[in-house]
Every structure is written in C-alpha cells, then in structure tokens.
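Novice: Could you look at this predicted model? Sequence included:
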Amino acid sequence: MRVLVTGVAGFIGFSVARSLMNRGDTVLGVDIVNDYYDPTLKEARLLRLNEQFGSRFSFIRADFADMKALSDALKGERFDRIVHLGAQAGVRYSIENPHAYLSANLAGHLNMLEVARQRECEHMVYASSSSVYGGNTKLPFSVDDRVDHPVSLYAATKRADELMSECYAHLYRLPQTGLRFFTVYGPWGRPDMMMWIFTRKILSGEPIPVFNHGDMWRDFTFIDDIVSGVIACLDNPPADDGEMKAGGSFKPHRLYNIGNHRSEHLMKVVDILQTELGREADVDFQPIQPGDVRQSFADIDAIRNDLGYEPTTSIDVGVPKFVEWYRDYHGL
C-alpha cells in the first residue's frame, strides 16, 4: 500500500511514516517545512526517513493549503490512502497568529478532502484534537459529548475540519476517520510542547512556567501509542452501511479519541523529569493562560471496542524514554 502522509516532517507524521514503512508500505510525504519551530529538527526527521528507507520514501516540499501547488506536486503520483496530519499546531499561538490557522487548518483540510475525493481514495485518516472539548467539565471526554463551545481558535478550526469531513462523507461517501489526539509526547517531539520546554529549562537552570498555579491535568499519550492507533484506523475504513459510527455519524465517517485513558497531574511529570535529569526544577507558578483548559482525560471506549486499541505506555516509562532521546539528540 502507498500512503500519502501530510505533515511528514512533523512529530506525529514522521513517526507514522516510519512505522508504515517498517511494516512494508511505501510513503509519499508532503510538508512545507515552515519555521513555526526550528526547521533543523524537521530536516533531521526527513533525513532519518531517507537514510532508513531509501526509495520507499518519497517527499514533496509543498504547501497543502495552496490547492494549485498541491495539485501540481501530486501530478503523476499514485497513492491508496491518506493520513492527513499536517496542520498549524498550538493553542496559544492561535491567539497570536490566527490567520495561520485559517490557511493551514481550514483551507488545507478542504484541499486534502478534494484530493481524496478526486482520487477516490479508499480512506482518509485525519488529525483532530482533544482541544475540541473546550471547557467541557464532564470527564472523561467522550466522542459522544457536545463540542460546540471551543475556548481557542485552534480548537474551533479542528472542529470545523470534523464538520467538513462529515459533509464530504455525506456528499461523496468518502470514508474518513478523525482522531482527537491527547497531549502527545515522546522521542522526536516538538520544541514548543511542554515536555521539551521543561526538559530544556531544567537542564539550563531556567524557571519552568507552570500554569494555573500547578493545578493542571493532562492525558499524556506516548507517541508509540498514538501511532498504533493511527495505523489501526487506517487499516479499517468505516463502512458505508447506514449504521451509526463513533461520534454519531451515519455516513462513512467516525471520530475517535486517542489518549492514554489516564489524567495525570502536571507536577507528577515534573517530578519524573527532575529524577531523570538529576536536577531540581525552579518552578514558576503562573495563572492559567487564555485558551488553556484545566484538565483533559480521554474516554477511549469507542476505539477500544471497534479496533482493540489499548495504550501501553505510562508516563513512568514514556517520560524517561523522551529524556533519553533528548540527551542523545543534543549530545548531552
């Protein structure tokens, strides 16, 4: 099977592409490799894929938010299924630079829907986010919950993507699966995410910013568990059988949470980092930030019941693995 993976130079895209090729698939990757965070890390991921997989990995440097550029780049290319992971990430950055989300997350998602429709793809798996649950207070978050009160523009764009996908599933019977990821971390992670920021600052002796005065809880999900869920979904397209799918659709479109099914206190992660790094953190307690939520917690019953998904990595195992990779990557 040949799979088109957008955002292939990103954290999850790189990890999914590597796993697909490890099992024998070929990957056509698309990424603009922008400078939202240090492009050196993105280029290092691409280099790793090229070195490890050679001709089984093809890469197109293009902006999937530009339909003409995307169409031109894909001319002559064949692929069976799509994993659309490319997006403008970041809850706080969406407050600073909202127009980046209009382009990448809305226009970009529509463009990928059009590519999937025109190519009559067997299945498109796409990235949504746990942020769509906004200020919901019922825990754990279920795909059956209402999600029409986002607290960040990033969340609003991800919910809009889900609605566009539902429309295409209705109009064109395009099989799709949307995945609401919960706080992904692990080797090759992003420098703008908490795990990386805290590790860097603890090692350099800088204060670490802990919001809501430390009263923060997250469903931390290790990258290997995320990848296993993505691929399980990719291999099992939703049927167009008129039956209700996870998330409530009667079309060939379903929604799943992919999380660890554990809500962990943020300070527990800080404790593990201190132990693994052999240094005490200088904690700077701050108020909660605009767009943030106090707690996330994934109900994974839908994907567990449908596909047998079962996360296996606790933070006690996953955080040390990230620290080990971080030290190796930076030569520490």
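Specialist: Everything's here; your move.
Novice: Just list whatever residues bridge to the residue lying closest to Gln295 once chain neighbours are set aside.
Specialist: Distance criterion CB to CB, 6 or more residues apart in numbering; nearest residue to Gln295, sequence neighbours excluded, is Trp217 at 4.0 Å. (C-beta placed from N, C-alpha, C; glycine too.) When assigned by DSSP bridges, Trp217 has beta-bridge partners His265, Gln295.
Novice: Tell me, how many residues neighbour Trp217?
Specialist: 20 (other CB atoms under 10 Å).
Novice: Find me the pLDDT at it, would you?
Specialist: Each residue has a pLDDT score; the one for Trp217 is 89.
Novice: Surely it is in contact with Val269?
Specialist: No. At 10.4 Å, Trp217 does not count as touching Val269 under the criterion of CB atoms under 8 Å.
Novice: show me what contacts Tyr36?
Specialist: Tyr36 sits next to Gln88, Ala89, Gly90, Tyr93, Ala100, Asp192 when contact means CB atoms under 8 Å, 6 or more residues apart in numbering.
Novice: what about it, distance to Ala89?
Specialist: 7 Å (CB to CB, to the nearest Å).
Novice: Mutual contacts of the two, please.
Specialist: Common contacts of Tyr36 and Ala89, defined by CB under 8 Å, 6+ apart, comprise Asp192.
Novice: Report the two of the contacts of Tyr36 separated the most.
Specialist: Between any two of those, the greatest separation by CB to CB is 13.2 Å, found for Ala100 and Asp192.
Novice: Quickly list what's touching both of these two.
Specialist: Residues touching both Ala100 and Asp192 by CB under 8 Å, 6+ apart: Tyr36, Tyr93.
Novice: For the two, indicate the residue with more neighbours.
Specialist: The neighbour comparison of Ala100 against Asp192 (other CB under 10 Å) goes to Ala100, with 21 against 14.
Novice: buried set for the helix or strand encompassing the more buried one?
Specialist: Element membership for Ala100, per DSSP states H and E: helix 98-101. For helix 98-101, the buried set under the neighbour-count rule, 16 or more other CB atoms under 10 Å, comprises Ala100, Tyr101.
Novice: which residues are contacting the helix or strand following that helix?
Specialist: Helices and strands here follow DSSP H and E; after helix 98-101, the next one along the chain is helix 108-119. If you take CB under 8 Å, 6+ apart as the criterion, helix 108-119 is touched by 4, 6, 64-67, 70-71, 74, 79, 82, 84, 86-87, 121, 124, 126, 160-161, 164-165, 168, 172, 174, 176.
Novice: Which ChimeraX command selects the buried ones in those residues?
Specialist: Buried residues within the contacts of helix 108-119, by 16+ other CB under 10 Å, are selected in ChimeraX with:
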select :4,6,64,65,66,67,70,74,79,82,84,86,87,121,124,126,160,161,164,165,168,172,174,176
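Novice: out of the contacts of helix 108-119, which are inside strands?
Specialist: Among those, the members falling in strands (DSSP state E) are Leu4, Thr6, Ile82, His84, Met124, Tyr126, Gln176.
Novice: Tell me the one of those nearest Leu332?
Specialist: For the ones in strands among the contacts of helix 108-119, the nearest to Leu332 is Thr6 (32.0 Å; CB to CB).
Novice: Was I right to think the closest one contacts Val83?
Specialist: Yes. At 7.3 Å, Thr6 counts as touching Val83 under the criterion of CB under 8 Å.
Novice: Overlap of the contact sets of those two?
Specialist: In contact with both Thr6 and Val83: Gly13, using CB under 8 Å, 6+ apart.
Novice: Show me where this structure has its helices.
Specialist: Counting by DSSP state H, the segments of the chain that form helices are 11-22, 39-53, 67-74, 93-96, 98-101, 108-119, 153-172, 194-204, 223-234, 266-277, 301-307, 315-330.
Novice: Confidence-wise, which helix or strand of the chain is lowest on average?
Specialist: Every helix and strand in the chain was compared by mean pLDDT, DSSP states H and E; the lowest is helix 93-96, with a mean of 83.
Novice: Show me what that helix is packed against.
Specialist: With contacts defined as 3 or more CB pairs under 8 Å, 6 or more residues apart in numbering; DSSP states H and E, helix 93-96 has these neighbours: helix 98-101, helix 153-172.
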